[in-house]
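Asks: predicted model, plus sequence, below.
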Amino acid sequence: MRKAIRSKFSKIGKFMARNMLGFIIWGVVFGAAGVSAAILMSASEVSYKDTTVQNALDDLYTKASNVTGNSKCESVAKPVLKGGLIPVNIADNGTVTYANSESGWYNYCKKEWANAVILNSGDYKVGDTIPESAIRAYFVWIPKYKYQLWNVDVTGTTELAHSIDIIFDTTNTTDTSTSCATPMTSGGTGNCSNGKYMTHPAFISMDVNGFWVGKYELTGSIDNLTVKPNSVSLRSQSVASFFSAMYNFNRDLDSHMMKNTEWGAVAYLSHSKFGIDKEININNNSAYKTGYSAKLTTQQGTYPGEYGDGGNYNIAYNTTIGYLASTTGNISGIYDMAGGALEYMASYRSGASVPSGDAKYFDVYNGASAVNTYNYRILGDATGEMGPIINYKDGDGNARYHNKWYGDNSDFVDSAAPWFHRGASYDNGVLAGRFYFARNTGAANGNIGSRLVLAAK
């Protein structure tokens, strides 16, 4: 295809002399793909590699692909601001400023995700600095998208970690030659197959064009939830306790406990060109402080990894090393998705005792699920799609299931432990990551926290 496009471009090659200013090309025809697109581009937007026309054409091809492909950030669903949510810009040092929501607030093509806060005190206007003491909770917007499937059958014999192809889109995919209707169910495939595009199920289940995710693990107390950096994560609560507290956090914003599919939506966006697109650094802070990132001098290539609380082990979110623990590789992203505390999800094996709540707030998995039944994944939940999943021994001599996406731990739910938790613990070293998944009983545990989501329309 690329050769064909180059050939078509070559017919106008003499028109593109080096250093020509203000040239305009309209109606570039992508004959091989059967797609037509109008492209307006100035000379300042094309950087020639050298004096040859062919290399200039190659550069134009790349620019044209970006215009007509999945870099169309104008398709990003606009963040919903209501119920006390205030748009903010966060400087590299962590300073929070009330943002103008109509100008330069975010740019997903530059990996700058939209941030907002809910205040516990104060009255501020656009341009004001908002002190940390006035902020109750930080959130990051995940806009609706479809992604290209690569491992529908969970075998993944050739696929290792790769950049996930994402296209922002507020409509739902249907069954066509290039897309499929999202199956939504545990083990479901529908008409989906590798290479097709599918709307991520997290947006369909909540019927939204995007949702807000807690920027950090849940903090505060069960009676006064917060989401803040450099704070001790809230743990030692049952699934039922977490679910009730988050459901009642703000009903105007449809607050709820995070689900597996919502975790997957964040994980996939972060492993695309709109996110960090590589492994996220572990939070190895043994005091469960949120937003921390392991220093690069610590050993995280084994299990257990090196951990502690202090400057010898980790550093805060608002530093160069701290950014590596973010989903974007900068301060605009989501933290604590690798390490810190484990995080209970509102996601369970059918047959488990479940808190009272609308079905949309839960991901339900097949009642026959066992530790390695990855075929019961829900497409988009970042479990079975991360295969192949292999059992081998770690440095401590114990065998565990690991997926091929960075060797993250991969245990499916079973009858004895029917609730999912994600992200891993501060000491998990090589097992930790946003593609980590494991199981627990749903009871209170001193090592398990959770995460807050807002799905306001």
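Replies: Yes, it's here. Keep in mind it's a predicted model, so treat the numbers as computed, not measured.

Asks: state the distance from the nearest residue to Pro229 once chain neighbours are set aside to Ala370.
Replies: Counting by Cβ to Cβ, 6 or more residues apart in numbering, Pro229 lies nearest to Gly291, which is 3.7 Å off, once chain neighbours are set aside. No exception for glycine: its C-beta is placed from N, CA and C like everyone else's. Distance, Gly291 to Ala370, using Cβ to Cβ, to the nearest Å: 35 Å.

Asks: same question for Leu81.
Replies: Leu81 sits 44 Å away from Ala370, going by Cβ to Cβ.

Asks: now do the helices in the stretch 251-400 of the chain.
Replies: With DSSP state H, counting those that start in this stretch, the ranges of helices along the stretch 251-400 of the chain come out as 260-270, 320-323.

Asks: export those as a markdown table, with columns for mean neighbour count and distance to Gly156.
Replies: Below are the helices of the stretch 251-400 of the chain laid out as a markdown table (neighbours: other Cβ atoms under 10 Å; distance: least, Cβ to Cβ, whole Å):
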| stretch | mean neighbour count | distance to Gly156 |
| --- | --- | --- |
| helix 260-270 | 27 | 15 |
| helix 320-323 | 18 | 30 |
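
Asks: any idea which of the ones you listed gets closest to Asn366?
Replies: Ranking the helices of the stretch 251-400 of the chain by proximity to Asn366 (Cβ to Cβ) places helix 260-270 first, at 13.3 Å.

Asks: what mean pLDDT does the closest one get?
Replies: Helix 260-270 shows a mean pLDDT of 98.

Asks: burial measure for the residue nearest to Pro229, as a count.
Replies: As a burial measure, Gly291 scores 28 neighbours (other Cβ atoms under 10 Å).

Asks: show me the one of the helices of the stretch 251-400 of the chain that comes nearest Ala134.
Replies: For Ala134, the closest of the helices of the stretch 251-400 of the chain is helix 320-323, at 21.9 Å, according to Cβ to Cβ.

Asks: what about stretch 449-457, how long is it end to end?
Replies: End-to-end span of stretch 449-457 (Cα to Cα, to the nearest Å): 27 Å.

Asks: what do you get for stretch 182-192?
Replies: Using Cα to Cα, the end-to-end distance of stretch 182-192 comes out at 8 Å.

Asks: what residues sit buried inside that stretch?
Replies: 182-183, 185-187, 192 (16 or more other Cβ atoms under 10 Å).

Asks: what sits up against it?
Replies: 149, 152-153, 172-173, 175, 180-181, 198-201, 204-205, 350, 363-366, 369, 375-380 (Cβ atoms under 8 Å, 6 or more residues apart in numbering).

Asks: check the gap between Lys289 and Gly322 for me.
Replies: 12 Å.

Asks: for Phe249, same thing?
Replies: Relative to Gly322, Phe249 is positioned 26 Å away (Cβ to Cβ).

Asks: just to revisit the earlier point, surely the residue nearest to Pro229 is in contact with Ile334?
Replies: No. Here Gly291 lies out of contact with Ile334, judged by Cβ atoms under 8 Å, at a distance of 10.1 Å.

Asks: mutual contacts of those two, please.
Replies: Counting by Cβ under 8 Å, 6+ apart, the residues touching both Gly291 and Ile334 are Tyr216.

Asks: so where do the strands sit in the stretch 351-457 of the chain?
Replies: For the stretch 351-457 of the chain, strands defined by DSSP state E, counting those that start in this stretch occupy the ranges 363-365, 389-393, 399-403, 419-422, 437-440, 448-449, 452-454.

Asks: now do the first one: distance to the chain's middle.
Replies: With Cα atoms, centre = their mean, to the nearest Å as the basis, the distance from the averaged C-alpha position of strand 363-365 to the chain average is 20 Å.

Asks: now do the shortest one
Replies: With Cα atoms, centre = their mean as the basis, strand 448-449 stands 19 Å off its chain's centre.

Asks: for Val232, what are phi and psi?
Replies: phi -80, psi 130 (degrees, to the nearest 10).
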